[in-house]
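Colleague: 3D, please:
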Amino acid sequence: MTKWFLVRAVLMGVMFFGFGGYFFYDAAIGYPRQNEVFFTYQGFKKAGDDFEGYRSSPGGWASHVRGAVLWKGVESDGRVSVPDEKGNACLLPEGAAAAPAWPAVLANYDVMVSGGWSAAWNVYSGEHRLPSKPGEKPHDAASIREQWIAGGVCMVFGLLCLGLLLRTMGRRMSLSGNEVCAAGRKFSVADIRLVDLRQWKLKGLARFTVEKDGRTERVRVDGMTYGGFDKEQGEPAERFMQAVLALYGGDVLVYEEAEPAEKKDS
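Modeller: The predicted model follows:
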């Protein structure tokens, strides 16, 4: 197996597994946390609207705060979800309360009267390292389900890349005497009926039409994956192909190169 194939197979596997893990993280942790921040932010905005009715009454505001909650959620199977504007359930992280009381900064009349709910949010978000402005909408159950599905698809492709890598590592392309080993198959040069080299120069791909034990099949010869064309290593794949052709006396398909114009005119 060539380094060219190994590097690309590993990179593809890492990419798929990485994206899969990222999607799974968002589904299990990221999106619920973002929902919590979103509804907390909305709770602060609502507090700002409520405060307008108590701007001249510190005592009234203190009384109002004691019974106020950031959101009203629904608890099911130990997890809390909050409905969005359309009534869709939006899951919150584990441990989130169904009806959390307002943070102390919202109960601070001086903060609210001097800077409003936005000043209170800046204080709260800074203390808890939250984004200054959350997303425009929460993530409902359908969005979270999409993350699980996308993560699963990426993991499947990652496993396919891993399987391809392991299969490739367990194979080789070689010529030993008259016996050819390629694409997981073994056959004699005498079994070859046609050699298709039309993609050999451009892509390092060739196909042998092999007739063996009464069956005819096409065997894919991949020089980029096995052997390679590194000139410093003596182009192993090209040496393999030339050695096979030296023993083979049948038909070969190749692209005909265009003759120079001067030769045609003469």
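
Colleague: Which residue ranges of the chain form strands?
Modeller: Counting by DSSP state E, the chain has strands at residues 74-76, 79-83, 89-91, 174-176, 179-182, 185-188, 192-196, 205-212, 215-222, 251-253.

Colleague: between the ones you listed, which gets nearest to Trp102?
Modeller: strand 79-83 (15.6 Å; Cβ to Cβ). No exception for glycine: its C-beta is placed from N, CA and C like everyone else's.

Colleague: What strands line up against that closest one, and which way round?
Modeller: strand 74-76 (antiparallel), strand 89-91 (antiparallel) (DSSP bridges).

Colleague: would you put the C-alpha positions of stretch 235-255 in CSV?
Modeller: The C-alpha coordinates for stretch 235-255 follow below in CSV (Å, rounded to 0.1, in the frame of the first residue of the first chain):
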residue,chain,number,x,y,z
GLU,A,235,8.0,3.4,-10.0
PRO,A,236,7.0,0.0,-8.5
ALA,A,237,3.5,0.0,-10.1
GLU,A,238,5.0,0.7,-13.5
ARG,A,239,7.6,-2.0,-13.1
PHE,A,240,4.8,-4.4,-12.2
MET,A,241,2.8,-3.5,-15.3
GLN,A,242,5.8,-3.8,-17.6
ALA,A,243,6.7,-7.2,-16.1
VAL,A,244,3.1,-8.5,-16.7
LEU,A,245,3.1,-7.1,-20.3
ALA,A,246,6.5,-8.8,-21.0
LEU,A,247,4.8,-12.2,-20.2
TYR,A,248,1.5,-11.4,-21.9
GLY,A,249,1.0,-11.7,-25.6
GLY,A,250,-2.6,-10.7,-26.1
ASP,A,251,-4.6,-7.6,-26.8
VAL,A,252,-3.9,-4.3,-25.1
LEU,A,253,-6.2,-1.2,-25.1
VAL,A,254,-4.3,2.1,-25.0
TYR,A,255,-5.1,5.7,-26.0
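
Colleague: next one: that stretch to chain centre, how far?
Modeller: 40 Å (Cα atoms, centre = their mean, to the nearest Å).

Colleague: Let's test this: mean pLDDT of it, rounded?
Modeller: Mean pLDDT, computed over stretch 235-255, is 93.
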